[in-house]
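>>> any chance you can model this:
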Amino acid sequence: AAPGAEADVLFVFTPGMPRFDYLRLLGRVMRGEASPQEIKESSEHFDNHYVDSPVWHAALKAMQ
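Okay, the predicted model is just below:
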């Protein structure tokens, strides 16, 4: 979720796609050790797809 906002998350793990490195990336972003851009850049690798969010766009813009 963007800072100051809430988000609903649904994780579905299916065979054939390791996702633990994605969860580790999320932890690094939360601790400030990685940027949210890295999540976006990893979407194809981890087969993650996101819904457009005005709150998320505003948060990313504020970080630049």
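
>>> ok, now how distant is the residue lying closest to residue 3 once chain neighbours are set aside from residue 49?
Nearest residue to residue 3 in three dimensions, chain neighbours excluded: residue 59, at 5.6 Å (C-beta to C-beta, 6 or more residues apart in numbering). Bear in mind the C-beta positions are built from the backbone N, C-alpha and C, glycine included. Residue 59 is 19 Å from residue 49, where distance means C-beta to C-beta, to the nearest Å.

>>> looking at these two, which is more packed in?
The neighbour comparison of residue 59 against residue 49 (other C-beta atoms under 10 Å) goes to residue 59, with 16 against 7.

>>> all helices for this protein, in order.
20-30, 36-41, 43-46, 54-63 (DSSP state H).

>>> does the lowest-mean-pLDDT helix or strand in the chain pack against any helices or strands, and if so which?
Within the chain, no helix or strand scores below helix 54-63, which has a mean of 82 by mean pLDDT, DSSP states H and E. Helices and strands in packing contact with helix 54-63 are listed as helix 36-41; criterion 3 or more C-beta pairs under 8 Å, 6 or more residues apart in numbering; DSSP states H and E.

>>> low-confidence ranges, this protein, go.
Using pLDDT under 70 as the threshold, the predicted model of the chain has low-confidence ranges 16-17.

>>> recalculate using a threshold of 90.
Scanning the chain with the threshold set as pLDDT under 90 gives 1-23, 36, 40, 43-64.

>>> which residue is nearest the centroid of it?
Centroid check for the chain by C-alpha atoms, centre = their mean gives residue 39 as the closest residue, at 4.5 Å.

>>> wouldn't that one be in contact with residue 26 here?
Yes - the pair formed by residue 39 and residue 26 meets the contact definition of C-beta atoms under 8 Å, at 7.1 Å.

>>> overlap in contacts of those two?
Jointly contacting residue 39 and residue 26 under the rule C-beta atoms under 8 Å, 6 or more residues apart in numbering is no residue at all.
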